[in-house]
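In: Based on what follows, work out the 3D shape:
(one chain, ligands or ions: 2)
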Amino acid sequence: MDAKATARPETGARRRPHVVDGVQRLDMRYSTALPREYYVSKDIYEKEVDKIFSRQWTFVGHVSELPKIGDYFIQEFAGESVVVVREAADKINGYLNVCRHRGHSLCAAPRGNIRKFVCPYHYWSYGLDGALKNAPGAPDGAVFNYQDWPLHRVGIEDFQGFLFAYFGTDEAPRLGEKFAAARGELERLNTPALKEIHRESYELNCNWKTLLENYLECYHCQGSHQTLCKTMDLEAMYAGTDEWQDPYFTGPVPLRPGLKTVSLNGEIVSRPLGAFASVVDLPTGYGSGFGVVPTLTRGIVHIDHAVVHALRPIDVGRVRWETRWYVRDDAVEGVDYDRENVIAVWTATNKEDIALCENAYRGVRSRRFRPGPLDNKRESAIPPALTTYLEMMAAE
Ligand code: FES
Ligand SMILES: [Fe+2]
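Out: Ligands and ions are numbered 1, 2, ... in the order given. Predicted structure coming up:
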């Protein structure tokens, strides 16, 4: 085993205070989730769109989806639609899927290849660089200057092949620096050279923070996730989530001793990634990953496959949960991997979590609901995530 790969940073000194309603609760015996109104108030949700969803990077796709110039895909997120398009071999851009004339969407198909954007309403056209090229009946400079009406840009960053979008108009944090601790492992696993083999998307009837909190704790795993717990090391996971103190974090899903990956039996389910392709004696417990909270993105990269989860808020009581699975790009289905086998664990786990989240949210909506004490060990990632959330909500 590569000891460095599984080494964890110190946590004690990094623990952040849990602040609720302005009260520091670090020295109290327990923390709680947020007051009920944070989960049911439409006004608070609207504020979250500006203060939270527009101020963090969120996962949107993988470079393998855009091999050719002009390839694009669309991603819906918190009421916005972004078109992610390859302008050049080394350049991927993001734009709101919104025409500058009167707002019609530019692309209807979820993915495709284009030479330029042509709005189907009045046929304004834009280049892959977002510049307005033609407005029928209004030559450049005659009525207005085209340079004043480019597409609205959305920040796109490629972190080791995983594409993230930033919807805010302020300066975005540098994602590569935030995830720097995972770079070496992901280079070794050559994550740009992956391909997506499956995605799942569920719409849940719950507040997005109910889903976030559920993902951040493994208090419920032993009772509800028997399939996942065959390979995930629960005690190490408690310690692992304890380390998710920062809005941008890195680290693997810890495996039970002697296992190679998260699968039904801990054995690999596809050809090993990157530098491990020709390794005969594969290490156990090797892995990496990255995450963002509170706008939850979680990427998990094992020695043989990768999984990315991402949360897509829809409304105060609705959220979409997406999971995508990746294997190395030259792996052959039926030879190197069996798709059902690769997706088995998280497909089962997602279904279990959906039922838990929707049921919990029904209770949170009760007018007499008050958040109860959190388990200091098994739910230790919730307080720092909610503290980050409150800090972001309070920020200018
Ligand atoms: S709304 Fe796009 S051209 Fe009019
Ligand atoms: Fe769960």
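
In: how many other residues sit next to the residue of the stretch 151-300 of the chain at minimum distance from ligand 1?
Out: Here the stretch 151-300 of the chain gets closest to ligand 1 at one residue, Leu151, 10.9 Å apart by C-beta to the nearest ligand atom. Just so you know, the C-beta spots here come from the backbone N, C-alpha and C atoms, and that holds for glycine as well. The number of residues packed near Leu151 is 24, by other C-beta atoms under 10 Å.

In: does Tyr389 count as helix, strand or coil?
Out: Under the three-state scheme (DSSP: H, G, I helix; E, B strand; the rest coil), Tyr389 adopts helix.

In: contacting residues for the residue of the stretch 151-300 of the chain closest to ligand 1?
Out: 95-96, 98, 100, 106, 117, 126, 130, 132 (C-beta atoms under 8 Å, 6 or more residues apart in numbering).

In: and the residues you listed as TSV, adding neighbour count and secondary structure?
Out: Converted to TSV, these look like this (neighbours: other C-beta atoms under 10 Å; DSSP: H, G, I helix; E, B strand; the rest coil):
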residue	neighbour count	secondary structure
Tyr95	24	strand
Leu96	19	strand
Val98	18	coil
Arg100	19	coil
Leu106	25	coil
Phe117	22	strand
Tyr126	23	strand
Gly130	20	coil
Leu132	23	strand
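
In: right, and the pair among those residues with maximum separation?
Out: Using C-beta to C-beta, the pair of these lying farthest apart is Leu96 and Leu132, separated by 14.0 Å.

In: could you measure the residue positioned nearest the centre of the chain against Val82, distance?
Out: When C-alpha atoms, centre = their mean is applied to the chain, the residue found nearest the centroid is Thr297 (2.1 Å). Per C-beta to C-beta, to the nearest Å, Thr297 is found 14 Å from Val82.

In: The residue of the stretch 251-396 of the chain found nearest ligand 1: what secondary structure?
Out: Relative to ligand 1, the nearest point of the stretch 251-396 of the chain is Ile314 (24.5 Å; C-beta to the nearest ligand atom). At Ile314 the chain is in strand, as set by three-state DSSP.

In: ok, the spatially closest residue to it that is not a sequence neighbour - contacts?
Out: The shortest distance from Ile314 to any non-neighbouring residue, by C-beta to C-beta, 6 or more residues apart in numbering, is to Arg320 (6.0 Å). Residues near Arg320 by C-beta under 8 Å, 6+ apart: 76, 201-204, 311-314.

In: Distance-wise, check Glu217 relative to His225.
Out: Look at Glu217 and His225: by C-beta to C-beta, they are 12 Å apart.

In: biggest helix in the chain by residues?
Out: Counting residues, the longest helix found in the chain (DSSP state H) is helix 339-364.

In: so what's Arg365 closest to, chain neighbours aside?
Out: Leaving out its chain neighbours, the residue that sits closest to Arg365 by C-beta to C-beta, 6+ apart is Val40, at 5.8 Å.

In: List the beta-bridge partners for the closest residue to Lys116 other than its chain neighbours.
Out: Counting by C-beta to C-beta, 6+ apart, Lys116 lies nearest to Ser125, which is 5.2 Å off, once chain neighbours are set aside. Following DSSP bridges, Ser125 is listed with bridge partners Val118, Asn134.

In: follow-up on the earlier one: return a ChimeraX selection command for the buried portion of the contacts of Arg320.
Out: This is the ChimeraX syntax for the buried subset of the contacts of Arg320, where burial follows 16 or more other C-beta atoms under 10 Å:
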select :204,311,312,313,314
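
In: Mind telling me the two of the contacts of Arg320 farthest from one another?
Out: Maximum distance among the contacts of Arg320 (C-beta to C-beta): 15.1 Å, for Glu76 and Leu204.

In: Checking Tyr202 next. Helix, strand or coil?
Out: Three-state call for Tyr202 (three-state DSSP): strand.

In: That one against Asn350, yeah?
Out: Yes: shown here, Tyr202 and Asn350 form a contact pair, counting by C-beta atoms under 8 Å, at 6.7 Å.

In: what touches both of these two?
Out: Common contacts of Tyr202 and Asn350 (C-beta under 8 Å, 6+ apart): Trp321.

In: Next, the residue nearest to Pro252 when sequence neighbours are not counted: phi, psi?
Out: In this structure, Pro252 finds its nearest non-sequential neighbour in Gly287, 3.2 Å apart by C-beta to C-beta, 6+ apart. Main-chain torsions, Gly287, degrees, to the nearest 10: phi 180, psi 170.

In: quick one: pLDDT of Gly287?
Out: We note a pLDDT of 95 for Gly287 in this prediction.

In: ditto for Gly161
Out: What the model reports for Gly161 is a pLDDT of 98.

In: give the contact list for it.
Out: 62-64, 186, 191-194.

In: Dump those into JSON lines; add distance to ligand 1, pLDDT and neighbour count as well.
Out: Output for the contacts of Gly161, formatted as JSON lines (distance: C-beta to the nearest ligand atom, whole Å; pLDDT from 0 to 100; neighbours: other C-beta atoms under 10 Å):
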{"residue": "His62", "distance to ligand 1": "30", "pLDDT": "98", "neighbour count": "23"}
{"residue": "Val63", "distance to ligand 1": "29", "pLDDT": "98", "neighbour count": "17"}
{"residue": "Ser64", "distance to ligand 1": "31", "pLDDT": "98", "neighbour count": "15"}
{"residue": "Leu186", "distance to ligand 1": "40", "pLDDT": "97", "neighbour count": "24"}
{"residue": "Thr191", "distance to ligand 1": "37", "pLDDT": "98", "neighbour count": "24"}
{"residue": "Pro192", "distance to ligand 1": "35", "pLDDT": "98", "neighbour count": "17"}
{"residue": "Ala193", "distance to ligand 1": "38", "pLDDT": "98", "neighbour count": "15"}
{"residue": "Leu194", "distance to ligand 1": "36", "pLDDT": "98", "neighbour count": "25"}
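
In: of all those, which two lie farthest apart?
Out: For these, the maximum inter-member distance is 14.5 Å, found between Ser64 and Leu186 (C-beta to C-beta).

In: Which elements pack onto the longest helix of the chain?
Out: In terms of contacts (3 or more C-beta pairs under 8 Å, 6 or more residues apart in numbering; DSSP states H and E), helix 339-364 is packed against helix 37-40, strand 194-204, helix 208-216, helix 221-224, strand 318-328.
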